[in-house]
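[1] What would the 3D arrangement of this be:
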Amino acid sequence: MTLQVDAPSEPSPAATAQAYRVTGRTVAARRIVGLLLVAVPLVWSWRQAMPDGSDVVNRSGLSLVADLFASMLHPQLSTEFLAVVLNAMVVTLVFAVLGTAGALAVGLAGGIVLSDAAWHSRPPRAVRALRLLIRSLLVAARSVHELVWALLFVSVLGLDPLAAVLAIAVPFGAQTAKIFGETLDGIPPGPLLTLRNAGARPIAALCYGLFPPAAPLLLSYTFYRFECAIRSAVVLGVVGLGGLGQELVVSLQSRNWDEVWTLVWAVLLLSAVVDLWNSRLRRDLAVVTCADWSGGQDAGARRSSRAEDRNARPATSRWARASAVVAVPGLLLAWLASEVSLSGLSSPRTRDLTVRLLDEMWPPALPNGGWPALAEAIPDTVAIAVLAMAVAVIITLVIGPWAGRARHGSFDERAHPTRHIPRKVAWWAARAVLLVLRSIPPTVWAVIALLALFPGVLPGALALGLYTGGILGRLVAEAWESVDTRPRDALRAIGTRGWLASVATIVPPSAHHLLTYTLYRFEICIRDTAVVGVVGAAGLGRLIAENLAAFRWPAVTTLLVASFALSVGSEAVGRRLRRALQGSAGEGRNRSGRARPPTSTTGGR
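    Residues are numbered from 1 along each chain as shown. Below is the predicted model:
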C-alpha cells in the first residue's frame, strides 16, 4: 500500500499579485520618506557648516592654492630629493606589508574563533562568553581609526616603526577577523561534516574541509586589505612616523609646491601598481571585486555566484602563483628593512608607560569647554560625514558611469570597432581621476582645503568627500559592471531608442547599488572624520588631537568613547537601512515570480 501525500499547491498568479499588491499611495509615501531621509540631513549639515555671520573662504589663501596647482607639471626632480622620495616609498610599503601581515594573523585567529562553522558543536557556556568578549573587543578595535591608534601607540612606544605597524594591524585585524569568520560560515559545510563524521581531528577537518574552498576568497580579501593598508600607511605620516605622508605634510607646510607634486606622483605610482596587481589577481581568481568586499549584505549573492563560477575556470592563476612566491620573501625583506623589534612590546619602559597611560586615562573627564564643547563636536562630526558623502555621490554620478567597463550586447558587437575607442579613452581617464582622488590621503586634501577655507566643517567635508569620492566611484563602477544588459538589448530589439532603453533598464539597479554603497561608506566616513580633524578641521577628531597634544588623557578617554558610540550607532542605522533596501529589492523580485537570492552578512571596509 502506497501512501501518497499531495504536494502543496502553487499559489495562482492572481493570488500572488494580490498578496504583493502595492498601491499608488504606498509608492508615494515611500518616495516622500526617501526624499526626506536625504534632504533633511543635507539641509541640516549645510546649516551646520555655514554659520551665520562667519566667513568661510580664505581669500588670502586662494593664491597659495593657485600656486600649488600651477606647479603641477614642474615637480622637484633633483637627485637628493628623489633619494628622499624613494626612501619614503620604501617606508610606506614596508609599513603596509607588515601591517597587513599582522592583520592577517589577527584575522585568521579571530575568524576561527568567531566562525560558527569552525566549532564541531554548540560550545560550552564559558566558551560562548569568551567569544562574546572577543567579538566586543574586535568591534571596539575597528571602530577607532588607525590614525588615532597611531597617536596612542606613539604615546607609549615613541616614534618607533612598530607603532605604525600596530596602528594598521589592530583595526585592520579586527575587520579581517569579521570578514574571515563570515566567509568561513558561508562555505558549503559538506566536506567539513564528512571529515568530522569520519573521525578526523578538529584541526585536520578544518585544514582539509573548510580552508581549501575558502582560500580564494581569503586570498582576495588579503590583497584588498593590503591595498587599503597602502593608503593608511600614507595617512600615518601625519603623526611623524615617516613615509610619503610625513614628507607630504612637511612640504605642504613649508609651501615647497614642487616637492609636493613629486611626492604626489610617487603616491600615485605606488597606488596604481598595487591597484592593477590586485585587480588582475581578483580577475584571475574569479571570486570578488572591491565592490563586493565593501558593499555589506548587498554583495553576498554576487560573491556566491562568483565562487560557483570559479569552478568552471582554470584552478591556477599565474598572478596568484607569482603573488604567493613574492609574499614570503617580500615579508622577510620588509621586516629587515623596517628594523622593527617586537622586544619593545615587553620592555620595562613600555610596560611602565602603558600602565601609566591607562592610569591617566581613567576616570574619564570632559574636555575643555565641558558638555557644550562635546555637544558641538558630535553634530560637527555628523555634518562632515553627511556633506562628504554628498560630495562623493556627486563625483560618482559624474565620473562613475565612465569608469565601469562597458558590457557590450548584441547591438554593440555589430558596431564598428572604432566606435569603442572614445569609450575606452573615457574609461582610462575616469579611472585615473578616481585613482588620484583616493590615493592622495584625506589629510593632504584637508591641508589644501584649509588653505582656501577657514577651519570648520566645510574644509573637512570637502577633503573627506574628495577622498571618499575616489573610493565610492570605483566601488559603484565595479558594481555597475555586473548589471544585466539583456533587458536593454530586448528593448532595443523592438525599436526603442538606445539612450531610452539604457535609462529604463540600467538606471534602477544602478541607483540601488549607489544607495547601498553610499550608506556603507557613510559609516566609514564617521570614523574617517578623525583624520581631517587632526589637521585642523572640526569635529571629534580635532578635540582628540588637541587633547592628545596636551596630554589630557581623561578627556581623550571621553572623546574615544563618544567616537565609538557614534561609529556603532551609524553602523547600526546603516545596516538597518541596507536591509530595508535589500528587502524591498527582494520583494520586487518576488512580485515578478522569481526566487529571492540568498543573502550574506559579509562586508568589507
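
[2] quick one: residue 367 is in a helix?
    No: under DSSP: H, G, I helix; E, B strand; the rest coil, residue 367 falls outside any helix and is assigned coil.

[3] OK, contacts around it?
    Residues in contact with residue 367, defined by Cβ atoms under 8 Å, 6 or more residues apart in numbering, are 373-374, 543, 546-547, 552, 555, 558-559. (Each C-beta comes from the backbone N, C-alpha and C, glycine too.)

[4] For it, grab phi and psi.
    The phi/psi pair for residue 367 (degrees, to the nearest 10) reads phi -70, psi 170.

[5] can you check residue 535 too?
    phi -100, psi 10.

[6] now swap in residue 453 and tell me
    According to degrees, to the nearest 10, residue 453 has phi -130, psi 150.

[7] Check the secondary structure at the closest residue to it other than its chain neighbours for me.
    Distance criterion Cβ to Cβ, 6 or more residues apart in numbering; nearest residue to residue 453, sequence neighbours excluded, is residue 459 at 4.2 Å. The three-state label given to residue 459 by three-state DSSP is helix.

[8] Count the residues that sit near residue 459.
    Using other Cβ atoms under 10 Å, residue 459 has 28 neighbouring residues.

[9] mind listing what residue 156 touches?
    Counting by Cβ under 8 Å, 6+ apart, residue 156 has contacts 163, 350, 353-354, 357.

[10] Give me the buried entries from those.
    163, 350, 357 (16 or more other Cβ atoms under 10 Å).

[11] how much space between residue 181 and residue 210?
    12 Å (Cβ to Cβ, to the nearest Å).

[12] Next: residue 77.
    52 Å.

[13] now residue 86
    43 Å.

[14] Pick out whichever of these two has more residues nearby.
    Using other Cβ under 10 Å as the criterion, residue 86 and residue 210 rank with residue 210 on top: 22 against 11.

[15] Just the buried positions in stretch 246-253, please.
    Residues 246-249, 251-252 are the ones in stretch 246-253 that count as buried (16+ other Cβ under 10 Å).

[16] So which residues make contact with it?
    By Cβ under 8 Å, 6+ apart, the surrounding residues in contact with stretch 246-253 are 84-85, 88, 234, 237-238, 240, 257, 259-260, 263-264, 267, 441, 443-444, 447-448, 535.

[17] that older thread, which residues touch the residue nearest to residue 453?
    With Cβ under 8 Å, 6+ apart, residue 459 has these contacts: 446, 449-450, 452-453, 532, 536-537.

[18] Among the residues you listed, find the lowest-pLDDT one for me.
    Within the contacts of residue 459, residue 536 has the lowest pLDDT, namely 70.

[19] my guess is that residue meets residue 542, correct?
    Yes: Residue 536 is within contact range of residue 542, at 6.8 Å (criterion: Cβ atoms under 8 Å).

[20] picking that back up, point out the ones among the buried ones among the contacts of residue 156 that are inside helices.
    When DSSP state H defines the helices, the subset of the buried ones among the contacts of residue 156 inside them is 163, 350, 357.

[21] Any chance of TSV for those residues, columns pLDDT and distance to residue 397?
    TSV is the format used below for those (pLDDT from 0 to 100; distance: Cβ to Cβ, whole Å):
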residue	pLDDT	distance to residue 397
163	91	40
350	86	49
357	88	46
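
[22] can I see the domain layout of the protein?
    89-339, 369-407+424-591 (automatic domain parsing).

[23] Those: which one's closest to residue 363?
    domain 369-407+424-591 (6.5 Å; Cβ to Cβ).

[24] returning to what we had before: of the contacts of residue 367, select the buried ones using a PyMOL command.
    Buried residues among these (16+ other Cβ under 10 Å), as a PyMOL selection:
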select buried, resi 374+543+546+547+552+555+558+559
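
[25] Number of residues surrounding residue 97?
    24.

[26] Does it lie in a helix or a strand, and which?
    helix 79-114 (DSSP states H and E).

[27] name the helices or strands packed onto that helix?
    helix 125-143, helix 161-185, helix 211-235, helix 244-253, helix 257-285, helix 318-338 (3 or more Cβ pairs under 8 Å, 6 or more residues apart in numbering; DSSP states H and E).

[28] My understanding was that residue 233 contacts residue 165; is that so?
    No: Residue 233 is beyond contact range of residue 165, at 9.4 Å (criterion: Cβ under 8 Å).

[29] what touches both of the two?
    In contact with both residue 233 and residue 165: 95, 99, using Cβ under 8 Å, 6+ apart.

[30] Just name the closest of the buried ones among the contacts of residue 156 to residue 146, please.
    Looking across the buried ones among the contacts of residue 156 and measuring by Cβ to Cβ, the closest to residue 146 is residue 163, at 11.0 Å.

[31] The closest one touches residue 150, doesn't it?
    Yes: Residue 163 sits in contact with residue 150 when judged by Cβ under 8 Å, with a separation of 6.1 Å.

[32] where are the low-confidence patches of the stretch 1-150 of the chain?
    Along the stretch 1-150 of the chain, the parts satisfying pLDDT under 70 run over 1-22, 24, 27, 52-54.

[33] Kindly recompute the last result at 80.
    Along the stretch 1-150 of the chain, segments meeting pLDDT under 80 span 1-31, 33-34, 51-56, 120-124.

[34] For residue 434, see how far away residue 428 is.
    11 Å.

[35] quick one: which of these two has more around it?
    Neighbours per residue (other Cβ under 10 Å) separate residue 428 from residue 434, with residue 434 holding more: 25 against 11.

[36] List the contacts of the more buried one.
    399, 403, 469-470, 473-474, 477.

[37] Distance to residue 59 added to the domains of the chain, as TSV?
    Shown next, in TSV, are the domains of the chain (distance: least, Cβ to Cβ, whole Å):
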stretch	distance to residue 59
domain 89-339	17
domain 369-407+424-591	9
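
[38] of all the contacts of residue 459, which comes closest to residue 345?
    Looking across those and measuring by Cβ to Cβ, the closest to residue 345 is residue 532, at 30.5 Å.

[39] For residue 443, see how far away that closest one is.
    For residue 532, the distance to residue 443 - Cβ to Cβ - is 7 Å.

[40] burial count for residue 491?
    17.

[41] right, and it touches residue 506 too?
    No: with contact defined as Cβ under 8 Å, residue 491 does not count as touching residue 506 (10.7 Å).

[42] picking that back up, quick one, which of residue 536 and residue 542 is more surrounded?
    For residue 536 versus residue 542, the count of surrounding residues by other Cβ under 10 Å is larger for residue 542: 24 against 19.

[43] Quick check: closest non-adjacent residue to the more buried one.
    residue 533 (4.0 Å).

[44] residues contacting that neighbour?
    381, 460, 539-545.

[45] That one belongs to a helix?
    Yes: judged by three-state DSSP, residue 533 forms part of a helix.

[46] measure the residue nearest to residue 453 to residue 109 for me?
    From residue 459 to residue 109 the distance is 40 Å (Cβ to Cβ).
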